[in-house]
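pasting the structure only:
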Ligand SMILES: C[S@@+](CC[C@H](N)C(=O)[O-])C[C@H]1O[C@@H](n2cnc3c(N)ncnc32)[C@H](O)[C@@H]1O
Ligand SMILES: C[S@@+](CC[C@H](N)C(=O)[O-])C[C@H]1O[C@@H](n2cnc3c(N)ncnc32)[C@H](O)[C@@H]1O
């Protein structure tokens, strides 16, 4: 039997600092995004902009390749849903605007959105993009402008561009300066994060 | 023997339109970035913001996995250099400011840079980041802010965030509204692009 070492003061403070910048009113929903390197890159970007919880709809539970996510899976929880309508239902219950990243004529430029509002960004599958159902359920389609010959960006790239526009707006609005996470969630992260 | 069909008017016009938005005064330099999916994602982002030529320093020529770059390798040329000092030399001869993406205390926030100036962005290797030599040669270190526990972003994500900040600034400055490529380069692309 091994004893568990108590958390160091430094680590406690580091995690407390982390928690003070978390943005529970910002999230992503991965619709069948299945390549491990893409999921991992998205998790890292989520952690970097302060997202503590993401949502996913997968046919088979996509396993993260150990290492590539650089440990971000410890800091960003994934909530699984059995269908996109279940997922969007949960997000709308949390009063989130649901935006689907999708390349179409009626899409809004991603920089025109107000991301200081509670926001969930739906990202589509690598090959086929977001489903018709996701597009129908979402409040808006958003698009990242492109001037070249290639038809789409890599999904983790698209995710990061939208998330960092949200980060920029939220930073200007002072949303990283005040604790937004509730105490229950803080305790959960402190407990789990204390024993890596 | 098969005859080569002449280029259609539509294709000619599509390529002409592409050329009118190309940004020869913006580029990236990949220093030992070696994972094919990252190189491919970076090429797609480059094409999307109008970059026609990138630079690379690799020990062994990194082969692009067919398909993943979605054909962007036809529209974005890669210039190989045998060392980072050769590469930076070529870029500085073109009067480019050379920025290395690097996480350190003296790094400048990536949004504080003026990307309407001729600019080359150096991206470092997946595991080790940019070399000391690259950092010493560059004009500035730039960093993308992160508030989480993870220490770095995926390299293709970092590339896209900087490139899209450049795209935003150049769009505001009207740099996508006037032809910037010289006629020789236009002819090369038209010739090669006519026969896919
Ligand atoms: C490779 S793309 C899918 C392409 C698919 N053929 C389509 O037309 O939707 C995978 C995902 O990346 C995101 N994406 C890629 N490029 C985008 C762009 N320019 N604007 C918005 N989202 C984009 C979307 O979430 C998309 O579902
Ligand atoms: C995974 S990182 C390398 C991490 C490496 N351990 C280091 O400390 O540099 C690979 C490349 O992504 C880019 N990068 C990742 N996160 C970045 C950030 N927050 N700011 C600037 N560049 C970043 C840089 O080009 C870096 O060389």
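That came through fine. What you see is a predicted model; the values in this text were computed from it and never measured. Numbers count the residues shown, from 1 in each chain, chains lettered A, B, ... in the order given. Ligands and ions are numbered 1, 2, ... in the order given.

flag every buried residue along the longest helix seen in chain A.
In chain A, taking DSSP state H as the definition, the longest helix is helix A:155-172. Buried positions in helix A:155-172, judged by neighbour count with 16 or more other C-beta atoms under 10 Å in any protein chain shown: A:155-171. Where C-beta positions appear, they are placed from N, C-alpha and C, glycine not excepted.

okay, which residue is most central for chain A?
Nearest residue to the geometric centre of chain A (C-alpha atoms, centre = their mean): residue A:28, 3.5 Å.

all helices of chain A, in order?
For chain A, applying DSSP H gives helices covering A:9-21, A:36-49, A:84-93, A:132-137, A:155-172, A:183-193.

nearest to residue B:130, of those helices?
helix A:36-49 (18.0 Å; C-beta to C-beta).

list the buried residues of the closest one.
Within helix A:36-49, the residues scored as buried using 16+ other C-beta under 10 Å are A:37-49.

can you tell if that helix touches chain B?
Yes - using C-beta under 8 Å from any C-beta of the partner chain, helix A:36-49 reaches chain B at A:37, A:40, A:41, A:44, A:45, A:46, A:47, A:48, A:49.

show me what contacts the nearest residue in space to the last one that is not next to it in sequence?
It refers to residue A:49. Of all residues not flanking residue A:49 in the chain, residue A:167 sits nearest, at 4.3 Å (C-beta to C-beta, 6 or more residues apart in numbering or on different chains). Residue A:167 sits next to A:49, A:50, B:145 when contact means C-beta atoms under 8 Å, 6 or more residues apart in numbering or on different chains.

could those residues go into JSON lines alongside pLDDT and distance to residue B:180?
As requested, these are exported to JSON lines (pLDDT from 0 to 100; distance: C-beta to C-beta, whole Å):
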{"residue": "A:49", "pLDDT": "98", "distance to residue B:180": "33"}
{"residue": "A:50", "pLDDT": "97", "distance to residue B:180": "38"}
{"residue": "B:145", "pLDDT": "97", "distance to residue B:180": "31"}
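
of those, which is the nearest to ligand 1?
Of all those, ligand 1 sits closest to residue A:49, with 16.7 Å by C-beta to the nearest ligand atom.

so that closest one sits right up against residue A:28, yeah?
No - under the criterion of C-beta atoms under 8 Å, residue A:49 makes no contact with residue A:28, lying 10.0 Å away.

intersection of neighbour lists for these two?
Common neighbours of residue A:49 and residue A:28 are listed as residue A:163 (criterion: C-beta under 8 Å, 6+ apart).

got the residues of chain A near ligand 1?
A:101, A:103, A:123-124, A:126, A:128-130, A:143-144, A:146, A:152-153, A:155, A:158 (C-beta under 6 Å from any ligand atom).

which of those residues are buried?
Those of the residues of chain A next to ligand 1 that meet the buried threshold are A:101, A:103, A:123-124, A:126, A:129-130, A:143-144, A:146, A:152-153, A:155, A:158, by 16+ other C-beta under 10 Å.

return the item of those residues having minimum pLDDT.
Minimum pLDDT for these is recorded at residue A:103 (89).

show the contacting residues for the closest residue to that one other than its chain neighbours.
Closest residue in space to residue A:103, ignoring its immediate chain neighbours: residue A:143 at 5.5 Å, by C-beta to C-beta, 6+ apart. Applying C-beta under 8 Å, 6+ apart to residue A:143 gives the contacts A:101, A:102, A:103, A:104, A:107, A:108, A:109, A:110.

and residue A:109, by the same measure?
Listed by C-beta under 8 Å, 6+ apart, the contact partners of residue A:109 are A:142, A:143, A:145.

in strands, which of these fall?
A:142, A:143 (DSSP state E).

wait, residue A:41 touches residue A:156, no?
Yes - here residue A:41 reaches residue A:156: they are 3.7 Å apart, a contact under C-beta under 8 Å.

what do these two both touch?
Common neighbours of residue A:41 and residue A:156 (C-beta under 8 Å, 6+ apart) are B:154, B:156, B:157.

tell me the one of those residues nearest residue B:59?
Scanning these for proximity to residue B:59, where the rule is C-beta to C-beta, the winner is residue B:156, at 19.7 Å.

so where is chain A shaky, pLDDT-wise?
A:1-5, A:60-71, A:194-196 (pLDDT under 70).

can you name the residue of it nearest ligand 2?
Counting by C-beta to the nearest ligand atom, chain A gets nearest ligand 2 through residue A:48, at 7.0 Å.

what about residue A:10, distance to residue A:17?
Using C-beta to C-beta, to the nearest Å, we find residue A:10 at a distance of 11 Å from residue A:17.

whoops, residue A:102 was the one
36 Å.

once you drop chain neighbours, what's closest to residue A:53?
residue A:77 (4.8 Å).

which ones are touching the one you found?
Residue A:77 touches A:52, A:53, A:54, counting by C-beta under 8 Å, 6+ apart.

ok, of these, which one's closest to ligand 1?
Nearest to ligand 1 among the contacts of residue A:77, with distances taken as C-beta to the nearest ligand atom, is residue A:54, at 13.8 Å.
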